[in-house]
Structures are given as structure tokens and as C-alpha cells.
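Peer 1: Sequence below, structure please.
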Amino acid sequence: MVAKDNSKTGKTLSGLGNLLRLLPTGTVFVYQFLNPVLTNNGKCSTVNKYLTSFLIGLCGLSCGFSCFTDSYKGSDGITHYGIATLKGLWPSSRSDSASVDLSSYKIRVADFAHAFFSIIVFAVVSLLDGNTVQCFYPSFESTQKALLMVLPPAIGAVSSVIFVLFPNKRHGIGYPASSDSSD
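Peer 2: Modelled structure (predicted):
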């Protein structure tokens, strides 16, 4: 077990860790991989625009949904996953769910804040991507260069403050599970 560090450095590193968990890396990877193909490297037809819009929407939903997933280590030593609900964690398998108090994994206000800002950050990352800009609004790139330079850091700063105020206590799919629900 790792001791908690309450120093300024420890809090800063903890905040940085929360920022790293902001967007699901798999979702961002899928977007970065498929975007050039679906946008035809920024030279879009109508079909390309629909496919890219669908990709952005699906990846945005994935970012929001992942904020409501959690994992726990069962008495069998295996990591189990579930979806947070108002009553607690809804496990993906019932085999070991009785050994852990899943009611302590209820949805919190912080989950909604994380979901909202994860979607916003993904929207900024995806909608200001070079291929997406060339595809959907090609004149925007040359006329609004300042906005393209200022918006990502501004959204990042606001999101950083929110994520420091509402630390992420969930261990979603792809992140190490906690052995207890008090983490």
C-alpha cells in the first residue's frame, strides 16, 4: 500500500494524475487513427462529413460514459468492472459481486462534472484537429488562427481547475482497481 502524500508536491502530482485520466486513451487513439481516413485528410465529401460527425459523437459518448465506470478487486483476486448507478455499482458479472459492498460506488456530482468536462475537452481536441477544421470549416483555419491557438489551453486550464476541485475517485476500465471502495 502506498502512503498518501499531503505535501504540495504530492497534491500537484495527484492533480496531474487526475488530468492524465481525463480522457480515455483508447477513445483518443481510435479518434486519432480513424480521423484522417474518415476526413480524407481534410478533403471531405458529404459522406466523409457524416462519417466524421458519427465518429466524433461516438467518441464523445465514450468519453462521457467512461466517467461512470469503475472497477474493484473481488475476493477472488480478479478485477471486476461495472457501471456506477444511483444505487451503487452495477457489476459486469454477478459471480463475485456479493463479496464487495457495491453500494459505496454510487454516482456522485463529481462524476457528472468529470463527464461534462471530458466531453468538452474531447470536443475541443477533435473539432480543432487540422483534418476536422479543413473538412467542416476550411475558411476558419486562416481567419480565426488566434481562436485555434487560445481555446485549447483555456479549456484545459478550466478543466484542470475542475478536476482538481473534484478529484477522480473512479478506477474505470483500463485503470488499476482499488482493493476497497474508500479510495
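Peer 1: residue contacts, residue 62?
Peer 2: By C-beta atoms under 8 Å, 6 or more residues apart in numbering, the contact list for residue 62 reads 24, 27. Glycine gets a C-beta too; all of them are placed from N, C-alpha and C.
Peer 1: Over to residue 116?
Peer 2: Residue 116 makes contacts with residue 64, as judged by C-beta under 8 Å, 6+ apart.
Peer 1: Determine how far the stretch of helix or strand it belongs to lies from the middle of the whole chain.
Peer 2: Assigned by DSSP states H and E, residue 116 falls within helix 109-127. A distance of 7 Å separates the centroid of the chain from that of helix 109-127, by C-alpha atoms, centre = their mean, to the nearest Å.
Peer 1: Can you tell me what sits against the helix or strand that it is followed by?
Peer 2: For helix 109-127, the following helix or strand on the C-terminal side (DSSP H and E) is helix 130-136. Helix 130-136 is contacted from outside by 35-36, 39-44, 48-49, 52, 56, 126-127, 140-141, 148, using C-beta under 8 Å, 6+ apart.
Peer 1: Tell me which of the residues you listed fall in strands.
Peer 2: Residues of the contacts of helix 130-136 located in strands (DSSP state E): none.
Peer 1: Can you select the buried ones among those for me in ChimeraX?
Peer 2: Provided next is the ChimeraX selection string for whichever of the contacts of helix 130-136 are buried by 16 or more other C-beta atoms under 10 Å:
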select :35,39,40,42,44,48,52,56,126
